[in-house]
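Enquirer: Provided below for reference: sequence and predicted model.
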Amino acid sequence: MTPADLPLLPLPTRAELPAEAPRLLIIYTGGTVGMALNRAGALVPMQFDRLARKMPELLRLPMALTLVSLAQPIDSSDVTPSDWLFLAQLIGHHYAGFDGFVVLHGTDTMAYSASALSYLLEHLGKPVVFTGAQVPAGASRSDAQRNLITALEVAAARHPRAGTVRVPEVGIFFNDVLIRGNRAKKVESQQFAAFRSENFPPLARAGIALDFADGRIRLLPGAPLKVHTALETNVAVLALFPGLAEAQVRAVLGVPGLRGCVLQTYGSGNAPTAPWLLAALAEARQRGVWLLNVSQCEEGRVVQGKYATSARFAALGIIGGDDITTEAAITKLMFVLGLGLDEARTRSLLMQDLRGEIVPG
């Protein structure tokens with residue numbers, strides 16, 4: 001199935017809209033926001049065309065809303081890189097017809113998906129706002145309605161004077177904050193404030209009014225949208241911990257065909273100085289495996305060479321990830337390696353800030 005095969009469902013409004021009303025596409029991928037309680041009180045997938053019945057407030061918004069659902073809604077735990085590529089192509093297919101996009105997505109892997117889309121949608125000039133819910137729509141005390149309506153307002157927002165797009169990038173709106181998509185991390189499963197951005201301030205906060213931090217938002221691009229169509233999926237994550245065995249490290253780094261690995265290290269990028277570990281990392285680099293050093297600290301920044309325990313990483317060709325999250329790092333590896341570039345260009349892109357995912361140290 002291609003993006004063109006998915007039917008669009010225009011949402012009726014209760015008032016006549018002006019011609020300049022924002023045109024927004026709501027993309028339903030799955031997740032709690034699309035669940036409903038049946039008569040037995042069990043959670044079941046909601047029929048997508050009943051979304052407006054669960055949230056009648058949508059009909060009163062001064063926006064032209066259209067809905068589209070994936071043919072088979074996906075639990076976010078089952079999301080794969082193929083789904084990211086399809087979602088990017090779906091947005092690209094409808095890019096000219098809408099002013100912004102709101103993606104309804106499960107929370108468990110939302111930060112991964114938003115990070116991946118930020119890389120795949122190069123020169124993005126319109127909002128792509130991910131949101132979801134901790135409690136299903138229609139349930140008592142659900143956060144679905146507030147999250148969706150505010151995400152739509154973010155996607156529709158324009159600068160008061162210039163009238164230009166206010167947030168031309170991939171973001172996550174949840175509870176009361178808009179976070180850059182590749183800066184987000186899920187930190188809660190039992191509270192409404194599910195996402196946090198430790199190393200970069202929010203792009204907006206929602207109180208009585210939407211308060212945008214315009215100085216933090218990336219500016220409109222000067223080139224047309226480019227939708228990338230490839231990701232390298234033969235990558236891994238290796239988390240260091242006291243007592244990590246050589247066999248475990250070599251098992252991860254020795255995966256056949258491995259192209260890249262995110263190293264989750266201590267503090268500012270530190271790791272044990274055991275000779276076997278350095279030898280295993282050196283051997284991986286000699287085989288062409290790209291290694292990206294990321295701090296385990298939520299507010300961490302990798303500074304290779306600050307301490308002796310990381311001083312040899314740079315000499316081995318390991319790349320310091322600055323203040324990137326693990327979610328953004330693994331998807332960045334997939335994206336950059338999927339470009340099929342030579343070694344010099346690959347290294348350059350892995351070290352660069354591509355979409356606001358790092359502030360270089």
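Expert: Sure, I can see it.
Enquirer: which residues in this structure form helices?
Expert: Taking DSSP state H as the test, the helices found in the chain are 51-54, 81-93, 110-120, 144-156, 246-253, 275-286, 308-316, 326-338, 343-351.
Enquirer: ok, which of those helices comes nearest Gly269?
Expert: Proximity to Gly269 (C-beta to C-beta) singles out helix 308-316 among these, at 4.6 Å. Where C-beta positions appear, they are placed from N, C-alpha and C, glycine not excepted.
Enquirer: save the helices of the chain as TSV, and put in distance to Pro22 and mean pLDDT too.
Expert: Below are these laid out as TSV (distance: least, C-beta to C-beta, whole Å; pLDDT from 0 to 100):
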stretch	distance to Pro22	mean pLDDT
helix 51-54	17	69
helix 81-93	16	98
helix 110-120	20	97
helix 144-156	4	91
helix 246-253	46	97
helix 275-286	49	96
helix 308-316	47	76
helix 326-338	28	97
helix 343-351	34	97
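Enquirer: the domain parsing of the protein - what is it?
Expert: Domain assignment of the chain by automatic domain parsing yields the ranges 3-227, 235-351.
Enquirer: residue contacts, Val103?
Expert: Residues counted as contacts of Val103 (C-beta atoms under 8 Å, 6 or more residues apart in numbering) are Ile27, Thr29, Leu87, Ser113, Leu117, Val128, Val129, Phe130, Thr131.
Enquirer: ok, the third one to Ile26 distance?
Expert: Plainly put, Leu87 is 13 Å away from Ile26 if you go by C-beta to C-beta, to the nearest Å.
Enquirer: what of the fourth one?
Expert: Look at Ser113 and Ile26: by C-beta to C-beta, they are 16 Å apart.
Enquirer: now Ala230: closest residue in space that isn't a chain neighbour?
Expert: Nearest residue to Ala230, sequence neighbours excluded (C-beta to C-beta, 6 or more residues apart in numbering): Gly338, at 4.1 Å.
Enquirer: what about that neighbour, neighbour count?
Expert: Other residues within reach of Gly338 by the criterion other C-beta atoms under 10 Å amount to 20.
Enquirer: in the chain, which residue is closest to the centre?
Expert: Ala114 (1.6 Å; C-alpha atoms, centre = their mean).
Enquirer: if we can go back for a sec, export the domains of the chain as JSON lines, with columns for distance to Ile358.
Expert: Shown next, in JSON lines, are these (distance: least, C-beta to C-beta, whole Å):
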{"stretch": "domain 3-227", "distance to Ile358": "8"}
{"stretch": "domain 235-351", "distance to Ile358": "4"}
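Enquirer: check these for me: which has the lowest mean pLDDT.
Expert: The weakest mean pLDDT among the domains of the chain belongs to domain 3-227, with a mean of 86.
Enquirer: and that one, how far apart are its ends?
Expert: Chord length of domain 3-227, first to last residue, is 13 Å (C-alpha to C-alpha, to the nearest Å).
Enquirer: where do the strands sit along the stretch 151-300 of the chain?
Expert: 170-174, 177-180, 185-186, 195-196, 204-206, 210-212, 226-227, 235-239, 260-265, 290-295 (DSSP state E, counting those that start in this stretch).
Enquirer: mean neighbour count, these: which tops it?
Expert: Comparing the strands of the stretch 151-300 of the chain by mean neighbour count (mean count of other C-beta atoms under 10 Å), strand 170-174 ranks first with a mean of 30.
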